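**Student:** Structure for this input, please:
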Amino acid sequence: MTPEMAQLPTNNSSIQGSPDGIRGREPEMFPMPFELPESIVPASSAPSRKSSHGAMSEALAIRESRSPGIMRRLSNRASRLTGRRRQSSTAAMNRDQSTGPVIMRRRSDSTNTAPEGINGKGWFPDTDSEVEEDCEDSQSGSTVERLNDFPSTTSSVTPTVASSAPSPGPVIPALLLQGTSMVKVTKKKKKLLTFVLEHEAAKVSWDKTRASKSFYIDDIKDIRVGADATIYRKEFGISDADESRFFSIIYAVPDKFKGRPSKIMHLIASDEQSFDLWTTTLDAISKHRQDFMQSLTAFHDKAVKAYWRIEMAKQFQDAPHNEEDEDIDIVGVERVCRSLHIHGSSNYFRSKFAQADTTKCGRLNFAEFQEFIKLMKRRDDVASLYQLLTKDSSKGLTLEQFLAFLRDVQGEDIVNDRSHWEGVFNKFVRRSKTKEQARQDEANGGILRMNEAALSRFLSSTFNVPLRGPSKDSLHRPMNEYIISSSHNTYLLGRQVAGQSSVEAYISALNRGCRCVEVDCWDGGDGQPVVMHGRTLTTQVSFVDVMSTISKYAFVRSQYPLWISLEVHCNPEQQAAMAQIIKDTCGVKLLTELIDNNTEHLPSPSQLMNKILIKVKMAQAVASPVAEQTNGRSRGNSLNSPYFRPTILDNGSISASLPQSSPYTRRARTIPLGQTRNSGSDGQESSSTSESESVADESKKASTTSNIVKVLGELGLYSAGIKFRGFDASNAKKYNHIFSFMEGTFDRNGRTPESKRAMTRHNMKFMMRVYPNATRIASTNFDPLKYWRRGVQMVALNWQTYDLGMQMNDAMFAGGCDQSGYVLKPRELREIQMMTEVPKEAGEGYTKRERKNVNFSITVISAQQLMRPQALAANRSVDPYVEVEVYHADDKSKENKGVVGVGGKDASGKDGLSGLGAPHRRRTDVVKENGFNPLFEKKFNFDLTTKYPDLVFVRWTVRCSPDGTNYSDKGVPLATYTAKLSSLQQGYRTLPLLDNNGDRFLFSTLFCHIKIDPATSIYVNGPEATESLGVFKSIGRTIFNRTPTSPRILSENYTS
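**Tutor:** Numbers count the residues shown, from 1 in each chain. Just a heads-up that it's a prediction; the model follows:
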């Protein structure tokens, strides 16, 4: 071992890509819309980074040099456009001197073998040198357990936070600083290049004359080695002998808004020593920079001291000097703050500087700099709360006062978990004092009290997360009673017309909790099936690689069953090959037999733990003679099936998941598997997930024959795809069938109230999948609420597009037991409910229907360390404001249009403004020139009537005012956070903020107060009473003058 390797304090085994020890960094599908830290080195001395024009610009530039005329003009224009697209807003905004990352990446030592958030250290910076000691010394053993017992904010992140002050950092091997030769492998060629690690800039380059020929270490998502890089090694024809030197680096490309926002570089090191040095060093630097940045932004004392030493070394250029000579002026302090993403006005910084400058000399020594940090660290919003909670603020908060706060305000279970919360109290009290002070308090037998700093730290810790924690409840209801986290075109990293197909997309979706992935299969040229988006410019990946990846990562995030939705475009021979590949790669995980041949309903998710299920079109000749006629009407077109007529019970409900002993209920039957008749077709016709696209009219056509071969079709045990020929068709009564609809077809088959009810009733007992229209060329998403409210189990979204639809999907599966990827549908979507005796409070008159009145309030108190918008002028500071939007499942457009607000900042959103109809939106005031700790203190009361209180979502959006006064929806927001109302915890909560990719910022948060009242029942007229009045008027007139169907939202000033 070389001296360089001996100095590196890392473990090569930490570089893993498998579920046994994966890095787990997900391929983010969109660029970061923000600038990275400003350099703390003066702009004049900081090396500038050239704009990266990308491959297209390079190609145009080459073309320009060769041919004049129109091509030259087009080239010049394209180069100007691409060069202009991502210009830095200020010369000082230079990544080459950045302090650290702003996005939380998953780390190689993360344990992703359980739902996210359980094995991670936490969301929020909880760094302190005594954390581990506190855990060991805690009086309550449960404290240690609860350190890791918290829910995740989003499926896309599994953060790991340093639990102690970061080390000085890994020693960088001199060999890497000098540069080593490695072979860069692409599909077209292999090229020997010299790779250099630029330590100060924290990047790797292979051509210093071209800025585009480099990547930043902070952008690395994953490093694949050994068996985890086998797929790529074989794809590029690299021999087994080179496996020990071959590795792949996946990194983000923040400068790209379109195309591929991430890249994969494949390298072959010259020898195993060089391989070890590169992989371990890059991983060590990445971890250290993230830990160091988190510690700094949390103002950890040791991190601040380490940072001071770095600054002084630069200031004195490493020359010997006395510590008494070390100081920093206001200009240097402002540079330090901006490099740490503390964006405020110059006046704000100068006022804090003046308070800390006790010598009044215009410069701060280290002690004064520490005082400056303390002043910056203090939060006025927490100070106000602290004054309310304590009887004597000079002494602090007692244990009983703290427990009362948790019980009465935060809604925590103190009675059954008192020992845990006592341990938490003791932990934060000790951490707010030095060890000597803590020992002295114990020796004197004094009463422990929590000071303001300790309360502030608790409120932003993992013990005070906004979502409910994981539940131990089992998922024991039949599969059709759950909403399942589902993906569409899972194989794509980008748009569906010309995007890249990659196994990375499957790894990302599965690591984020997806429980239904899609695989589009086409004939491969070598006789082996491939996965791609057919008849487009998308690339392809081998089917065997896809299945191997799915099998490997299937249960990394959730142990509950994984569905593979096959869209088959292959001939019979390659279909047979598909079946064999599925069996070989999935092994014992694959479900190949019914768990109960005598059942009449689907099994539960708990019964299928760690099992892979195949969804495929059935391999059976479906005889469809001319449909039966009832009173001159085609039974195939009938959406009011007599087989769904319920038995009337007094004020009861009828489960639609279990067979009923009713003369109107036909016994559920299993679709026979593997019964096929060869029609002589070559199999080239699509046997896709759109098997239900046939409208009811097709029921009059002659019988058709499926193109799916028996050996493949028989794998569809509990999800046999069939054509839609009406809900009364015989095969639509068999419990193991599934309908798949494109969103447009679903809408056409559910336009009338009668057809909507039939759709909902079908989905109470049977499975259905809905996926986006093919016309969504940019791979955008629809409103998932539209389909969840109809009981659709698999609402498949484009996971590579983090728009509002995907944000709602993440929120749906983010809290409690929902992290399993399975959410129990609202009772109204699982049972047919009838009321023959109307409660007295419903009043007399027409048939009444029960609705829920939901009241809740959200107070946006403050934000912490918001990011600076990329396009903001250099002479501007951040002027933030926050929007709060509420979405619910009662999606009648007439009712939504009736909400107009009172104008100004309190106006509700316009149609289509947020992508999903008309949200109920409120805004805070704009806070000028303060992106560090803006105080909003704005309370919003929401009062809405809904049939589905479990399908109400809240989205917080942080935006920057264009002029410090007005609002603007143009451009990307600074950050967002979306949550399901039923998943939110009450009280004062710190909300993590996410960027446009769905990745969590290391330090940007919102501080809010949330109050949710229990839902109350109200009664509205049934459909018989509303036919002549119209939906909006009738609903509004029959709620006993209480509330309109759409939310009534009140805005008032916040008071503690």
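**Student:** max-length strand in the chain?
**Tutor:** Looking across the chain with DSSP state E, the single longest strand is strand 848-864.
**Student:** mind listing what's buried in that one?
**Tutor:** Buried residues in strand 848-864, counted by 16 or more other C-beta atoms under 10 Å: 848-849, 851-864. Just so you know, the C-beta spots here come from the backbone N, C-alpha and C atoms, and that holds for glycine as well.
**Student:** go on, stretch 380-398?
**Tutor:** Within stretch 380-398, the residues scored as buried using 16+ other C-beta under 10 Å are 381-382, 385-386, 389-390, 396-398.
**Student:** Which of those residues sits closest to Asp925?
**Tutor:** Nearest to Asp925 among those is Asp381, at 15.1 Å by C-beta to C-beta.
**Student:** Now do the contacts for the residue lying closest to the closest one once chain neighbours are set aside.
**Tutor:** The shortest distance from Asp381 to any non-neighbouring residue, by C-beta to C-beta, 6 or more residues apart in numbering, is to Ser862 (4.4 Å). In this structure, Ser862 makes contact with 379, 381, 933-937, 1006-1007, judged by C-beta atoms under 8 Å, 6 or more residues apart in numbering.
**Student:** switch the cut-off to 7 Å
**Tutor:** If a contact means C-beta atoms under 7 Å, 6 or more residues apart in numbering, then Ser862 has 381, 933-936, 1007 as its contacts.
**Student:** before we move on, what about Cys521?
**Tutor:** Counting by C-beta under 7 Å, 6+ apart, Cys521 touches 529, 531, 543, 566-570, 578.
**Student:** Out of these, which sit inside strands?
**Tutor:** Counting by DSSP E, those place 531, 566-569 in strands.
**Student:** returning to what we had before: sheet partners, orientation included, of the longest strand of the chain?
**Tutor:** Paired neighbours of strand 848-864 in the sheet (DSSP bridges): strand 935-946 (antiparallel), strand 1000-1012 (antiparallel), strand 1016-1021 (antiparallel).
**Student:** Helix, strand or coil: sort out the residue nearest to Val333 when sequence neighbours are not counted for me.
**Tutor:** Distances taken as C-beta to C-beta, 6+ apart put Phe353 closest to Val333, at 5.9 Å, once the chain neighbours are dropped. Secondary structure, DSSP: H, G, I helix; E, B strand; the rest coil: Phe353 is helix.
**Student:** Phe353 and Met759, how far apart?
**Tutor:** Phe353 sits 65 Å away from Met759, going by C-beta to C-beta, to the nearest Å.
**Student:** re earlier: quickly name whichever of the buried residues of strand 848-864 is closest to Tyr735.
**Tutor:** Using C-beta to C-beta, Arg849 is the member of these that lies nearest Tyr735, at 28.7 Å.
**Student:** from memory that closest one sits against Val1020, does it?
**Tutor:** Yes. Between Arg849 and Val1020 there is a contact under C-beta atoms under 7 Å: 5.5 Å.
**Student:** Which positions in whichever strand or helix holds Glu371 come out as buried?
**Tutor:** In this structure, Glu371 is located in helix 366-377 according to DSSP states H and E. Within helix 366-377, the residues that count as buried by 16+ other C-beta under 10 Å are 366, 368-373, 376.
**Student:** between the buried residues of stretch 380-398, which is closest to Thr539?
**Tutor:** Distance to Thr539 across those (C-beta to C-beta) is lowest for Asp381, with 49.9 Å.
**Student:** For that closest one, give me the pLDDT.
**Tutor:** Predicted confidence (pLDDT) for Asp381: 93.
**Student:** Excluding covalently adjacent residues, which one is nearest to Thr957?
**Tutor:** Glu883 is the one closest to Thr957 (C-beta to C-beta, 6+ apart), at 4.4 Å.
**Student:** So which elements touch the helix or strand hosting the one you found?
**Tutor:** Applying DSSP H and E as the criterion places Glu883 in strand 880-888. Counting contacts by 3 or more C-beta pairs under 7 Å, 6 or more residues apart in numbering; DSSP states H and E, strand 880-888 packs against strand 848-864, strand 920-923, strand 935-946, strand 952-960.
**Student:** mind giving me CSV with these and columns for distance to Lys589?
**Tutor:** Formatted as CSV, these follow (distance: least, C-beta to C-beta, whole Å):
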stretch, distance to Lys589
strand 848-864, 41
strand 920-923, 44
strand 935-946, 40
strand 952-960, 33
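**Student:** what's the closest of the ones you listed to Arg210?
**Tutor:** With C-beta to C-beta, the closest approach to Arg210 among these belongs to strand 952-960: 32.9 Å.
**Student:** could you say what helices and strands the closest one packs with?
**Tutor:** Secondary-structure packing of strand 952-960 (3+ C-beta pairs under 7 Å, 6+ apart): helix 804-812, strand 848-864, strand 880-888, strand 975-980.
**Student:** Pairing partners for that strand, with directions?
**Tutor:** Paired neighbours of strand 952-960 in the sheet (DSSP bridges): strand 880-888 (antiparallel), strand 975-980 (antiparallel).
**Student:** what's the closest of these to Ala874?
**Tutor:** When these are compared by C-beta to C-beta, strand 880-888 sits nearest Ala874, at 18.0 Å.
**Student:** now that closest one and helix 804-812, what's the angle there?
**Tutor:** Angle between the axes of strand 880-888 and helix 804-812 is 80 degrees (criterion: axes from the mean of the first three to the mean of the last three C-alpha atoms, to 10 degrees).
**Student:** That'll do, ta.
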